[in-house]
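Asks: Sequence first, predicted model second:
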Amino acid sequence: MSNTTYTSITASTFLSDFKAVTKMGLSISVVFSSVAGYLLAAETIHFPTLLLLAIGGYFMVGASNVFNQIIERDLDALMDRTKNRPIPAGRMTVNYAFVLAILLTVAGLSILYSINARTAMFGAISICLYTSAYTPLKTKTPLSVFVGAIPGAIPFMLGWVAATGKFGIEPGVLFMLQFFWQFPHFWAIGWFLHEDYQKAGFNMLPTGKRDKGTALQAIIYIVWTILISIIPVFGFTGQLQLSIVATVLVFACGIWFLYFGFQLFKNQTDKAARQLMLASVVYITLIQIIYISDKFIRLWI
């Protein structure tokens, strides 16, 4: 085999493993939330800052995911969903992964700090909670979802803090919106992956079972998410505002999301749980797009 071919295969394998160990799909969705928060807050869009936020945000989320996979490597090997990840599959050593995680953390924090100190602080809080609290609690208690929802809710508000350098009611509302949204999202995943999670001893569902109690709690948190999503229309959330038209659209998206929650309650099937999970992803993406579109439409009118 030629050196050129060997190098190509090595580079291709490295890229594939890097994408897997940093969970590229998840990391990009988190970056999207951060960018959305920035666009909502920025009076003037500064594209270099936006790029730094995207890169720094990816590095921080990627580092969290690498640390998570180092800690859970033995458990990942037990589950069909995760046994082929780079570390449990043996394609990446723990030492190599640890060095990668450290480099991503340092680079991510440095980049976020170059935007402002508060952005770096919230980034550090996120990675600390995810690796030091959420990850070890997953095998102990369903409350791990509550703990994990905190770092998971930071990205949307992080963008606002990156744009303004301040934390107030506006990023607080964005945080609460994404915080409550995560419960039905993760419980839906926990439902259709319940048997696989059980192999590793993960306790993700609030009742510990795929039952109406779990589905009902998902519905309750969807309702809370809907209520928080329309708060900006009432005019007491500072610079975070929402027009009547946008509020109607946001509320309609919420009712659509709620429908899938009731479907899970009614049918209690893996198919209904998958549909709820997909609906949750579509929902949060649409909400962020509506929020941003509404802001710029109001500015242009």
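Replies: Nice, I can see it.

Asks: remind me which residues of this protein are low pLDDT?
Replies: Where the chain drops to pLDDT under 70, the residues are 1-12.

Asks: Buried ones in the longest helix along it, by neighbour count?
Replies: When the chain is parsed with DSSP state H, its longest helix is helix 270-300. If you call a residue buried by 16 or more other Cβ atoms under 10 Å, then helix 270-300 has these buried ones: 270, 272-277, 279-280, 283-284, 286-288, 290-292, 294-295. Every C-beta, even on glycine, is put in place using the N, C-alpha and C of the backbone.

Asks: try stretch 225-233
Replies: 225-226, 228-229, 231-233.

Asks: Going toward the C-terminus from the helix or strand harbouring residue 148, what's the next helix or strand?
Replies: Element membership of residue 148, judged by DSSP states H and E, is helix 144-164. Where DSSP H and E defines the elements, the next helix or strand beyond helix 144-164 is helix 169-192.

Asks: chain center to that next one, what's the gap?
Replies: Using Cα atoms, centre = their mean, to the nearest Å, the distance from the centre of helix 169-192 to the centre of the chain it belongs to is 9 Å.

Asks: same question, stretch 167-186
Replies: Relative to its chain's centre, stretch 167-186 lies at 11 Å (Cα atoms, centre = their mean).

Asks: Next: stretch 121-138.
Replies: 13 Å.

Asks: same deal with stretch 292-301?
Replies: Chain-centre distance of stretch 292-301: 26 Å, with Cα atoms, centre = their mean.

Asks: ok, now stretch 228-247?
Replies: 23 Å.

Asks: From residue 89, how far off is the residue nearest to residue 273 when sequence neighbours are not counted?
Replies: Distances taken as Cβ to Cβ, 6 or more residues apart in numbering place residue 191 nearest to residue 273, at 3.7 Å, with adjacent residues excluded. Taking Cβ to Cβ, to the nearest Å as the measure, residue 191 falls 26 Å from residue 89.

Asks: Over to residue 134?
Replies: Residue 134 is 23 Å from residue 89, by Cβ to Cβ.

Asks: Please identify which of these two sits among more neighbours.
Replies: Between residue 134 and residue 89, counted using other Cβ atoms under 10 Å, the more crowded position is residue 134 (21 against 15).

Asks: I'd like to know how many residues surround the closest residue to that one other than its chain neighbours.
Replies: Of all residues not flanking residue 134 in the chain, residue 148 sits nearest, at 3.8 Å (Cβ to Cβ, 6+ apart). Neighbours of residue 148 under the rule other Cβ under 10 Å: 20.

Asks: Can you name the element that comes right after the one helix or strand residue 20 maps to?
Replies: Per DSSP H and E: residue 20 is located in helix 3-21. Per DSSP H and E, helix 3-21 leads on to helix 24-41 as the next helix or strand towards the C-terminus.

Asks: Mind giving me the packing neighbours of that next one?
Replies: helix 47-71, helix 144-164, helix 169-192, helix 270-300 (3 or more Cβ pairs under 8 Å, 6 or more residues apart in numbering; DSSP states H and E).

Asks: Verify the stated contact: residue 208 with residue 142.
Replies: Yes. Using Cβ atoms under 8 Å, residue 208 is in contact with residue 142, at 6.6 Å.

Asks: The two: which has the busier surroundings?
Replies: Remark: of residue 208 and residue 142, residue 142 carries more neighbours, 19 against 14, as counted by other Cβ under 10 Å.

Asks: Tell me how far the more buried one lies from residue 131.
Replies: 19 Å.

Asks: Now do the contacts for residue 182.
Replies: Applying Cβ atoms under 8 Å, 6 or more residues apart in numbering to residue 182 gives the contacts 145, 148-149, 152-153.
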